[in-house]
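J.: model this:
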Amino acid sequence: MTPIDLYDLYRLARASTDAGYYNAAKILNAVAASLINRRLYAESLPKTDDDLAAALSAIEPALAEAQLDPQLLAALRQARTAIATDHIILQRDAPTFWVCRACGEVARDEAPEHCPQCGAGQLTFQTFPAAYYLEPLPVDEVLSQLNRTPDWLDGVLRHLSAEQLAQRIGGAEGEWSLIEAAGHLLDSQYLIAQRVNLFFESESPALNARPLWQLIDPANLTAAQIAERFRQARSEMLVQLHAASSSLWIRVGQHSEFGPVTLQQQVSYFAKHEQWHMAQITRIMQALTRPN
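T.: Here you go, the predicted model:
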C-alpha cells in the first residue's frame, strides 16, 4: 500500500482554496482529519506523564532545527516541564499564540493588525483553544445532547455482571474498567453541576482547574447506583439550565487553566467530554462481550 503523505493532502487543500475551489478544500481537509484520527486511534500513545514528557523532549531538537518561533518553542518546553512534574498547565503559563494562515508567522497574546512577514490582515490569524471541547455549541443542541446521556449510560451498564464491570481493559487512555469510566462520568457531572451553580451565583465566577482524567473514583457504588445518581444530577442541572436567560449563557467565568470561559462554553465542554468517553466505554464493552 502506498504511504499517504498528510502534508500533501493539506498542500492540495491549500491549493484548492487559493484557486477558489473551497468545497474541494473542505473535502481534502476532512480526508486528512479522517486519516490522521484513524491512525491515532489505532496507535499506542504515551500513557504516563513521564512518557509524554520524554516524547516532547525528543522532538524539541527537530523543532529548533526547523527554526520554530522561539517563543512557541519556549512555551512548549515550559509545558513539558510541567507535565514531567505532574503540574496542571495554567492559563497564565500558556500564552495565547496566533498563527498566520498565509505564511505561518507566529504572534503572542494578540494578533497584529497586519502580519509582519507577509502583510496579511489580522483576520488571517488563527488561534487555538486548549481543547475542541471549548468550542461552544448552540444552546438547544447542547441541552438536547446532555438529556440523552443518562439513557445511554443506563443501557451500557444494565446487562453486565459485576465481574465484567470491574474488569480493566487496556487502550490508548490506559487501563480502565466500565465501573471506573462510569464513575468518572458521574464525578464529571457533579463538577459541571457545581460550576453551573457558580455561574448562577456570581457575575464572574472563579472556575479552578481540576484534572478530569484523575477523577476515577466510583466510591464503592454499584453500576445501578452510579447510573441513578448520574440521572438525578443531570436532571436537576437541566432544569436549571433550561431556566437560564440568554445573558446568563454568555456570562464569563475565569478558569485558571483556560482563561475566560462562558457558561455556554463550559457546558459544551462537558457535553463533548462525556461523548468522547462514549468511544472508550464502547470499546471496553465490546472487549468484554466479544466471544472468546
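
J.: Leaving out chain neighbours, which residue sits closest to Phe270?
T.: The shortest distance from Phe270 to any residue that is not its chain neighbour, by C-beta to C-beta, 6 or more residues apart in numbering, is 4.1 Å, and that residue is Ile192. Bear in mind the C-beta positions are built from the backbone N, C-alpha and C, glycine included.

J.: List the residues that contact that neighbour.
T.: In this structure, Ile192 makes contact with Met237, Gln266, Val267, Phe270, judged by C-beta atoms under 8 Å, 6 or more residues apart in numbering.

J.: Where do the strands of the stretch 101-250 of the chain begin and end?
T.: Secondary structure of the stretch 101-250 of the chain by DSSP state E, counting those that start in this stretch: the strands cover 106-108, 125-127, 206-207.

J.: partner strands of the second one, parallel or antiparallel?
T.: Sheet partners assigned to strand 125-127 using DSSP bridges are listed as strand 97-100 (antiparallel).

J.: from the middle of its chain, how far away would the strand it pairs with be?
T.: Here the centre of strand 97-100 is set off from its chain's centre by 20 Å, with C-alpha atoms, centre = their mean, to the nearest Å.

J.: How about stretch 189-209?
T.: Here the centre of stretch 189-209 is set off from its chain's centre by 19 Å, with C-alpha atoms, centre = their mean.

J.: Would you mark the buried spots in that stretch?
T.: Burial within stretch 189-209, assessed by neighbour count using 16 or more other C-beta atoms under 10 Å, is assigned to Gln189, Ile192, Ala193, Arg195, Val196, Leu198, Phe199, Pro205, Leu207.

J.: likewise stretch 43-54?
T.: For stretch 43-54, the buried set under the neighbour-count rule, 16+ other C-beta under 10 Å, comprises Ala53.

J.: Quickly note the distance from Ser256 to Ala206.
T.: Plainly put, Ser256 is 8 Å away from Ala206 if you go by C-beta to C-beta, to the nearest Å.

J.: Equivalent analysis for Asp8, please.
T.: 46 Å.

J.: cool, Val196 as well?
T.: Val196 sits 14 Å away from Ala206 when distances are taken as C-beta to C-beta.

J.: Farthest-apart pair in the contacts of Ile192, please.
T.: Comparing every pair within the contacts of Ile192 by C-beta to C-beta identifies Met237 and Gln266 as the most remote, at 11.8 Å.

J.: just the helices in the chain please.
T.: Remark: helices of the chain, listed N- to C-terminal, are 6-18, 22-42, 49-65, 70-84, 139-157, 162-166, 178-201, 223-242, 246-249, 263-289; assignment by DSSP state H.

J.: want to throw the ones you listed into CSV with mean pLDDT and distance to Pro116?
T.: Rendered in CSV, the data for these read as follows (pLDDT from 0 to 100; distance: least, C-beta to C-beta, whole Å):
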stretch, mean pLDDT, distance to Pro116
helix 6-18, 94, 21
helix 22-42, 94, 26
helix 49-65, 95, 21
helix 70-84, 94, 14
helix 139-157, 96, 39
helix 162-166, 91, 57
helix 178-201, 94, 39
helix 223-242, 96, 44
helix 246-249, 97, 37
helix 263-289, 94, 31
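
J.: if you skip the residues just before and after it, what's nearest to Gly171?
T.: Take Gly171 and drop its neighbours on the chain: the residue closest to it by C-beta to C-beta, 6+ apart is Arg283, 5.9 Å away.

J.: what's near enough to touch the spatially most central residue of the chain?
T.: Residue closest to the average C-alpha location in the chain (C-alpha atoms, centre = their mean): Ala131, at 4.0 Å. In this structure, Ala131 makes contact with Tyr269, judged by C-beta under 8 Å, 6+ apart.

J.: now with 6 Å?
T.: Residues near Ala131 by C-beta atoms under 6 Å, 6 or more residues apart in numbering: none.

J.: No more questions from me, cheers.
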